[in-house]
Structure formats: C-alpha cells, structure tokens
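1. Need coordinates for the following:
(chains A and B)
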Protein chains: 2
Amino acid sequence: MATDWVPYGSPAAVRAAARAGEIHTSTAPLAPGHAQANLVVLPSALAFDFLVFAQRNSRPCPVLEVLDRGDPVPHSVAPNADVRTDLPAYRVYRRGQPEEEVSDIRSLWGEDSVAFLIGCSFTFEAALSTAGVPLRHVELGRTVPMYRTSLELRAAGPFHGHMVVSMRPIPVTLVDRAARATARYPAMHGAPVHVGTPGEIGIEDLGRPDFGDPVPVRPGEVPVFWACGVTPQAVAAASRPELMICHSPGKMFVTDIPHKDFDVLHAAR
Amino acid sequence: MATDWVPYGSPAAVRAAARAGEIHTSTAPLAPGHAQANLVVLPSALAFDFLVFAQRNSRPCPVLEVLDRGDPVPHSVAPNADVRTDLPAYRVYRRGQPEEEVSDIRSLWGEDSVAFLIGCSFTFEAALSTAGVPLRHVELGRTVPMYRTSLELRAAGPFHGHMVVSMRPIPVTLVDRAARATARYPAMHGAPVHVGTPGEIGIEDLGRPDFGDPVPVRPGEVPVFWACGVTPQAVAAASRPELMICHSPGKMFVTDIPHKDFDVLHAAR
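-> Numbers count the residues shown, from 1 in each chain, chains lettered A, B, ... in the order given. Prediction:
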C-alpha cells in the first residue's frame, strides 16, 4: 500500500497514466529512480542505417534497446509496456518536418515498424544530485535547455547532421565531479562533450535554446554541455526520412530499469 | 627513430606485417598501448539482425565500428587499414562450420559484405596490469583460456546461442580491484560476468578450455570470468549463416586507438 498512493510512483503507473492521456507535463519527476528513454520509430528499410548511425554517434544516441520488427514491446527494459501508447506524447516527422503531435501511434504503426529506445540524461541527473551537484533547471522547475551545435556527426546511409546538446550551469569547483559522476553512465550520454565557450560548438546565444527552456548561468559557474537524445530529431530534419516518429521532447518512455543498473562502476560490485 | 627498431611497435607496422604474412602468433603483445578488435564479416542481408544481436548482448559483443557495406576500411578506428588483409589469420565459417583458415579474405569479400569490429579484452588486461593484478596466462606465455557457457544470449533474427567467457585466476583480495578496473571499459567487455563456481555457468572442467590454453588456478585465487569476443564464433555454430568470416582466435585486428580512449572515467577528464 505504501507506494500505491504516490501518483505515478512506479514505471507501470506512469505508463498507464500516459496511456490514459493523463500526463501533460515532462516525465522527468515521475517514477523516480528509474531510467527513461528517448523514442525513435522508423520503417525497417531504414532501421539498419539508423542503428549504424547510432553506433557511430553513441554519445548522443546510446541505444538501450532495439525492438523486433513490428513488435511494440520492449522485452528487455519494460516487458509489459507498449511503445505505441505508453508515452505521453509523440512527434511525427514527415520528410524531416514535425507535422503533428499525437498521444497514440497505433494508427501509424505497422508490421514494418522498428522502434529504438535511446538513453536519457535523467539518469545522470540523478547521479549529479547524489554527488551534490546542483541542477539549475530542476531548481527552477524548467525543462533543461537544449541547443543545436556545429558538432558534426558521422553519417550512415541517409542519416547525417549535427549534435544536439543539453546545458547545465555548474559551479567551477564542481565541474570535475560532474564529469566523473556522469562518465559512469555511458549508456546515458556519459561525460560532457564540451565545457565553457558555447561559441566554439556553434551556440550563439545560451538565452535562446532550440528545445526546452533557458536558464541563467551565474557568476562562478560555467556552462557544461552533454550530448542529448533529442539529436535524432535534428537528424530527421537534415536527413528527411519519409516517416519518423519520436517522443515529444521531455515526455519520455519510462523503463522498469533502476538508474544504478546503468552505472558501469556499480555493475562491477 | 626510437620506436622504429621495435618490431611491430605501431599499429600500422603490425597490420603491414600481418598483410605480408609475417605474423604467426597471437597479436596480444604487439603494438602495446593500442586497442585490438574481434572481426565478424557477414552478407548485408544478415547485418541488421547481427547488429541488433550485438546490441542485445553488448557484454560479449560490444561494437567498436560497423563498416559501410562493401567498404573494408574502418574509418573510425584505423582509417588507413583494410580488414580483408590486415589480420594475421581468418576463420571462415560456412553454415556454422569452421571450414578453413586463410590469411587474406579478398576473394571472399564482395560489395555486399559488412564488417563489424568488436571490443577485445587486451585493453582491460592492460588496465589490470596497471592496477597491479597479475595475469597468469601472460606470465606463462599462453593464450587466455575461453569456455562455452550455459549463459543464454538474447536472440535477434537467426542469431542465438550462449556466451563464451575468458577466465583469469585472481587472488581473492584483488577480485574487487579487478572488477572495478575492467568496469571502466564497457566497450571492451567491462566488468566480470561471473566470479568463482564455474559449474554454475555450465563450465565442467577449467582444465579443458574450448578456445585458448588452460592455466592453473592456485590456492588463494578464484576463477573470474569475463564476456569474450569469441562469442560470435559460437553463435555462428548455433545460427548457421551461409557465410561468416571471423578473425582466428588470438589473431586480432589492431586499431589506431589508445586503450585509454575506451576508459569511460579517463574520458571524463
């Protein structure tokens, strides 16, 4: 009974609520302690090229699970879930353009659909908090700011483009600790890809993120950038596949797997 | 000049010597400091299923690079190399049977061939040495013993089978250190998959490995088991693809990448 009254306290409860159309906010605070995932759905003709693309660019696109062709069940990370209904919202890209936002993709799903679940920074944010590193966007109740960069990705087949990063302002004295804490989660984007100097990676104005909300960088802090799982959505815009379905940014798929299972050092014990 | 006289001291020198047919031993001691890789070559019709198989079983099959269809050049890990000629020996499997051992696969390679390079334990062995963990098989000048196990792998398409592990006898007091040192290299099989009790993972006799050479486990030591990159060769036997070309065990592809680049904590600095 103890956990029953916590709204959306378990991964299954979050997914059921998403299925029922009850979740209209970011999934970030829900089902605490459990990993969440970015979603990409493509026709099987593009699946190999996309998987190679993800392998070549594993910092932004660490693959947690590839579902079988036509199978909406992620047998490894959430064997009772259905990726067609269990996210709060989906963004449908046609020829690279975000055409609509829907709450269910059963009508778009076919025998030929292949779903990919990709690691999400919420796991390493839990590690940062545990390590005593403050998270400005969480303090302010905002979605982390995300930016398109000039960091070119290695192409595979039709997939090419530039990395999207998320930014967190970190006190100078805690940057090393933040880098080490997140490095332990290579399946969740791992260590930062850049520290300081946003101009060097093609970000002109930290105050105007491409996704999410802006947050202030205060004196004594530096902007620290991590590879971001929204990258495939920027890649869609550049690569223009006929159809590509993603989660709506911030509204993720909640897995059954505890964060700690993705900590490579924890796994050593 | 200082490094020129060391035979096979650089990755390019090892690959040139392999190409010239001059290497008849394990590549383990060659080009010290650089990562080596297991090789798998398949026809493109099987490439997606194999890549999903590797993703689902990333402890034994961590993918370092997937080459473009028909392209024998690993642009990421060794842009001047050719995987058709630059390994000392190849093992050719037809319908799962190891049919021949050849020194060059140009005549078997086609526009349709897709090569996969898979992480190799030599990288974490360097980390074990640095951490002060003795390596019995190195002391004895032998190839590490490898065993088929009862650890079932997650299937993908036609690919299925059981994990192959390598075994190193570790002093009881150093097991934790060995686990932590190797956990830092998830792309090189990471932390051990089992400690002690070989019978529990289906190994009947440590004295009779399925690949490599036996080594003694002495009083005060426990056998520690790591996932092994020879696993795809056991999978070939179970899955019986028409044609699958692998490296000959112990005779690996030498990459240009330093071991430390695969250390997730080093990458954090």
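
2. Report the secondary structure element holding the residue of the stretch 1-150 of chain A found nearest chain B.
-> Nearest residue of the stretch 1-150 of chain A to chain B (C-beta to the nearest C-beta) works out as residue A:48 at 3.9 Å. (C-beta placed from N, C-alpha, C; glycine too.) If you go by DSSP states H and E, residue A:48 is part of helix A:44-56.

3. ok, which stretches of chain A are strands?
-> Assigned by DSSP state E, chain A shows strands spanning A:34-43, A:63-66, A:90-94, A:97-102, A:113-119, A:146-152, A:162-171, A:194-195, A:221-227, A:243-247, A:253-258.

4. So which bits of the last one are buried?
-> Judged by neighbour count (16 or more other C-beta atoms under 10 Å in any protein chain shown), strand A:253-258 contains these buried residues: A:253-257.

5. Can you narrow those down to the ones near chain B?
-> Near chain B, taking C-beta under 8 Å from any C-beta of the partner chain as the test, no member of the buried residues of strand A:253-258 is found.

6. Next, format these as TSV and append pLDDT.
-> TSV is the format used below for the buried residues of strand A:253-258 (pLDDT from 0 to 100):
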residue	pLDDT
A:253	98
A:254	98
A:255	98
A:256	98
A:257	97
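
7. what about the residue of the stretch 101-250 of chain A found nearest chain B, how many neighbours?
-> Here the stretch 101-250 of chain A gets closest to chain B at one residue, residue A:183, 3.4 Å apart by C-beta to the nearest C-beta. Around residue A:183 there are 23 other residues, counting by other C-beta atoms under 10 Å in any protein chain shown.

8. Pipe the strands of chain A into JSON lines and attach distance to residue B:89 per row.
-> Below are the strands of chain A laid out as JSON lines (distance: least, C-beta to C-beta, whole Å):
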{"stretch": "strand A:34-43", "distance to residue B:89": "38"}
{"stretch": "strand A:63-66", "distance to residue B:89": "32"}
{"stretch": "strand A:90-94", "distance to residue B:89": "47"}
{"stretch": "strand A:97-102", "distance to residue B:89": "51"}
{"stretch": "strand A:113-119", "distance to residue B:89": "36"}
{"stretch": "strand A:146-152", "distance to residue B:89": "37"}
{"stretch": "strand A:162-171", "distance to residue B:89": "39"}
{"stretch": "strand A:194-195", "distance to residue B:89": "42"}
{"stretch": "strand A:221-227", "distance to residue B:89": "38"}
{"stretch": "strand A:243-247", "distance to residue B:89": "43"}
{"stretch": "strand A:253-258", "distance to residue B:89": "40"}
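
9. got any ranges where the stretch 51-200 of chain A has weak pLDDT?
-> Under the criterion pLDDT under 70, no range of the stretch 51-200 of chain A is flagged.

10. just checking, residue A:234 touches residue A:160?
-> No. With contacts defined as C-beta atoms under 8 Å, residue A:234 does not count as touching residue A:160, sitting 10.5 Å away.

11. of these two, who's got more company?
-> residue A:234 (23 against 15).

12. contacting residues around that one?
-> By C-beta atoms under 8 Å, 6 or more residues apart in numbering or on different chains, the contact set of residue A:234 is A:148, A:161-164, A:210.

13. Same question for residue A:177.
-> By C-beta under 8 Å, 6+ apart, residue A:177 lies in contact with A:131-133.

14. Residue A:112 contacts residue A:68, correct?
-> No. Using C-beta under 8 Å, residue A:112 makes no contact with residue A:68, being 11.8 Å away.

15. who's more crowded, those two?
-> Neighbour count, other C-beta under 10 Å: between residue A:112 and residue A:68, residue A:68 has more, with 16 against 12.

16. Give me the phi and psi angles of that one.
-> When read as degrees, to the nearest 10, the backbone of residue A:68 gives phi -60, psi 150.

17. show me what contacts residue A:203?
-> A:147, A:149, A:165.

18. Could you identify which of those has the most neighbours?
-> Highest count within the contacts of residue A:203 by other C-beta under 10 Å belongs to residue A:165, 31 neighbours.

19. do stretch A:58-67 and chain B meet?
-> Yes. Under the criterion of C-beta under 8 Å from any C-beta, stretch A:58-67 makes contact with chain B via A:63, A:65-66.

20. Over to stretch A:150-170?
-> Yes. Using C-beta under 8 Å from any C-beta, stretch A:150-170 comes into contact with chain B via A:154, A:156.

21. what's residue A:197 sitting at in phi/psi?
-> Main-chain dihedrals, residue A:197, degrees, to the nearest 10: phi 30, psi 70.

22. ditto for the one 5 residues further on
-> Note on residue A:202: its backbone torsions stand at phi 80, psi 20 [degrees, to the nearest 10].

23. residues from the stretch 151-269 of chain A in reach of chain B?
-> With C-beta under 8 Å from any C-beta as the criterion, the stretch 151-269 of chain A meets chain B at residues A:154, A:156, A:176, A:179-180, A:182-184, A:186, A:190-192, A:264-265, A:267-269.

24. Narrow these to those in helices?
-> When DSSP state H is applied, those are split such that A:176, A:179-180, A:182-183 fall in helices.

25. For my notes, please list those residues in TSV and give distance to residue A:122 for each entry.
-> Shown next, in TSV, are those (distance: C-beta to C-beta, whole Å):
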residue	distance to residue A:122
A:176	22
A:179	18
A:180	19
A:182	12
A:183	17
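
26. Would you list the buried entries among these?
-> Using 16+ other C-beta under 10 Å as the burial test, these include A:179-180, A:182-183 as buried.

27. which of the residues you listed sit farthest apart?
-> Using C-beta to C-beta, those span at most 7.6 Å, a distance reached by A:180 and A:182.

28. Return the per-residue confidence for residue A:8.
-> Model confidence at residue A:8, given as pLDDT, is 80.

29. Counting neighbours, what do you get for it?
-> Count around residue A:8 with other C-beta under 10 Å applied: 20.

30. what's the answer for residue A:40, then?
-> 25.

31. which residues does residue A:211 contact?
-> By C-beta under 8 Å, 6+ apart, the contact list for residue A:211 reads A:143, A:145-147, A:164, A:230, A:249.

32. Beta-bridge partners for it, please?
-> Beta-bridge partners recorded for residue A:211 (DSSP bridges): residue A:146.

33. ok, now residue A:38?
-> On the basis of DSSP bridges, residue A:38 is bridged to residue A:118.

34. Thank you, goodbye.
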